[in-house]
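# Sequence isn't available, so here's the structure alone:
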Ligand SMILES: NC(=O)c1ccc[n+]([C@@H]2O[C@H](COP(=O)([O-])OP(=O)(O)OC[C@H]3O[C@@H](n4cnc5c(N)ncnc54)[C@H](O)[C@@H]3O)[C@@H](O)[C@H]2O)c1
Ligand SMILES: O=C(O)[C@H](O)COP(=O)(O)O
């Protein structure tokens, strides 16, 4: 008997199918301590129950289908030691996140930011705001992380006339990028990148990657967007660059501490847009996650392997 712990909702229409295949589903809210040793698969992770399963002697957990693309919050070393495989949700967030990045770019360049503040004061600042608008042809976007999301950002960016530079670990070519550099040699083009986007997973290499030296090396009046993970950027350094005007604007969808505390100075930083980790949201998120899971399930049941989205536990993504 194979037992699935549903730590994320399994859409109702699929529950019966799974049961007909002989699978047992336990919902997180109903799981009893004596059942922890019986669970084979976790659909989603839960930070209270997951570690208890890993600490249960002779537990049977073999596969975790994470509900997110980033898996930095999982105990990756323990999972690797215990021979547990992990698949992530990569792919399903690419379109909404890439569209969110385009909305940040257009907000800053098409006078929307200034129009909203002028609207709040009931002022019709036609000439002043109009003259401050910019268009995007011949501007450059540099995207750190050319995976599912980074590539989709480049697709949309090219449609808006931007030159696209992608950064990945080994310099692998990707269609929508005009140029690819690595995390070791991006510095040659950084000052020319009007828009810099972080779309890398959080790993030991990418933690605190975007620091004071990085922001200093960006061009005057350029823009920085973080939709990867909060811990990849030094938030104090970013605030300093916005406050001193070196950067013209920034947007963050993720923060080192989430929810962002009421006392955080980020809330009131000049020219900083904060979206509350919503860029990847899609209305049918549970159905999309299930579609990834159901591609893996038959392969897992047959030979204990996965068909798609397997995480390299040593790389962390
Ligand atoms: N804001 C959100 O709601 C949200 C949603 C989904 C994903 N994310 C974040 O975005 C990340 C990327 O998601 P994805 O689906 O595109 O993943 P992906 O695995 O498809 O792509 C990851 C990319 O990062 C690159 N990379 C990894 N380490 C690197 C390094 N040290 N230097 C340069 N490049 C490096 C890889 O080469 C790859 O191109 C996730 O890990 C997650 O942290 C955020
Ligand atoms: O990595 C992701 O898929 C998104 O950031 C969503 O992650 P979360 O579900 O852990 O917030």
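Arrived safely. Remember, predicted model here, so these are calculated numbers, not experimental data. Ligands and ions are numbered 1, 2, ... in the order given.
# that's a helix at residue 107, yeah?
Yes - Residue 107 forms part of a helix when assessed by DSSP: H, G, I helix; E, B strand; the rest coil.
# Count the residues that sit near it.
For residue 107, the number of neighbouring residues by other Cβ atoms under 10 Å comes to 16. C-betas here are computed from N, CA, C, even on glycine.
# repeat for the one 5 residues further on
For residue 112, the neighbour count with other Cβ under 10 Å is 13.
# what lines up beside the helix or strand where residue 181 lies in the sheet?
Using DSSP states H and E, residue 181 maps to strand 179-182. Sheet pairing of strand 179-182 (DSSP bridges) gives strand 163-168 (parallel).
# Can you confirm whether the partner strand lies near ligand 1?
Yes - applying Cβ under 6 Å from any ligand atom, one finds strand 163-168 touching ligand 1 at 167, 168.
# Can you tell me which residues in the stretch 201-317 of the chain are near ligand 2?
Contacts of the stretch 201-317 of the chain with ligand 2, taken as Cβ under 6 Å from any ligand atom, map to 277, 280.
# tell me the strands in the stretch 201-317 of the chain, going along the chain?
Using DSSP state E, counting those that start in this stretch, the strands of the stretch 201-317 of the chain run over residues 222-226, 247-252, 272-274.
# helices or strands next to the last one in the packing?
Using 3 or more Cβ pairs under 8 Å, 6 or more residues apart in numbering; DSSP states H and E as the contact criterion, the neighbours of strand 272-274 among helices and strands are helix 235-243, strand 247-252.
# Nearest to ligand 1, out of these?
Minimum separation from ligand 1 across the helices and strands packed on strand 272-274 (Cβ to the nearest ligand atom) falls at strand 247-252, 9.4 Å.
# Give the buried residues for the closest one.
Under the neighbour-count criterion of 16 or more other Cβ atoms under 10 Å, strand 247-252 has 247, 248, 249, 250, 251, 252 buried.
# Please apply the same query to stretch 205-212.
For stretch 205-212, by 16+ other Cβ under 10 Å, it's 206, 209, 210.
# and the longest helix for this structure?
Secondary structure of the chain per DSSP state H: the longest helix is helix 285-303.
# Go through that one and flag the buried ones.
Result for helix 285-303 [16+ other Cβ under 10 Å]: buried residues 285, 286, 288, 289, 290, 292, 293, 296, 297, 300.
# My read is that the last one contacts residue 63, right?
Right, the one you point to is residue 300. Yes - assessed by Cβ atoms under 8 Å, residue 300 is found in contact with residue 63 at 5.6 Å.
# of all of the stretch 1-150 of the chain, which residue lies closest to ligand 1?
Nearest residue of the stretch 1-150 of the chain to ligand 1: residue 147, at 1.7 Å (Cβ to the nearest ligand atom).
# What score does that residue have for pLDDT?
pLDDT, residue 147: 98.
# One more: residue 292?
98.
# Give me the distance between residue 9 and residue 97.
Distance of residue 9 to residue 97, given as Cβ to Cβ, to the nearest Å: 22 Å.
# want to throw the helices and strands packed on strand 272-274 into a markdown table with distance to residue 110 and mean pLDDT?
Formatted as a markdown table, the helices and strands packed on strand 272-274 follow (distance: least, Cβ to Cβ, whole Å; pLDDT from 0 to 100):
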| stretch | distance to residue 110 | mean pLDDT |
| --- | --- | --- |
| helix 235-243 | 20 | 98 |
| strand 247-252 | 12 | 98 |
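# Minimum distance to residue 27: which of those has it?
strand 247-252 (34.0 Å; Cβ to Cβ).
# interface residues of the stretch 51-200 of the chain facing ligand 2?
Neighbours of ligand 2 within the stretch 51-200 of the chain, by Cβ under 6 Å from any ligand atom: 67, 68, 69, 70, 89, 93.
# For ligand 2, give me its nearest residue in the stretch 151-300 of the chain.
For the stretch 151-300 of the chain, the residue closest to ligand 2 is residue 280, as judged by Cβ to the nearest ligand atom, at 4.9 Å.
# Tell me who's in contact with the residue lying closest to that residue once chain neighbours are set aside.
Of all residues not flanking residue 280 in the chain, residue 93 sits nearest, at 3.4 Å (Cβ to Cβ, 6 or more residues apart in numbering). Contacts of residue 93 were listed using Cβ atoms under 8 Å, 6 or more residues apart in numbering, and they are 69, 148, 149, 279, 280, 282.
# so of the residues you listed, which ones are in helices?
Taking DSSP H, the ones among the contacts of residue 93 that sit in helices are 148, 149.
# now that we have the contacts of residue 93, which one has the most neighbours?
Most neighbours among the contacts of residue 93, by other Cβ under 10 Å: residue 149, with 28 neighbours.
# thought residue 51 was touching residue 74?
No - distance between residue 51 and residue 74: 10.2 Å, which falls outside the contact criterion (Cβ under 8 Å).
# which residues of this protein fall in helices?
Along the chain, the stretches classed as helices by DSSP H are 12-20, 49-54, 76-81, 94-109, 112-120, 126-131, 148-159, 187-190, 212-217, 235-243, 285-303.
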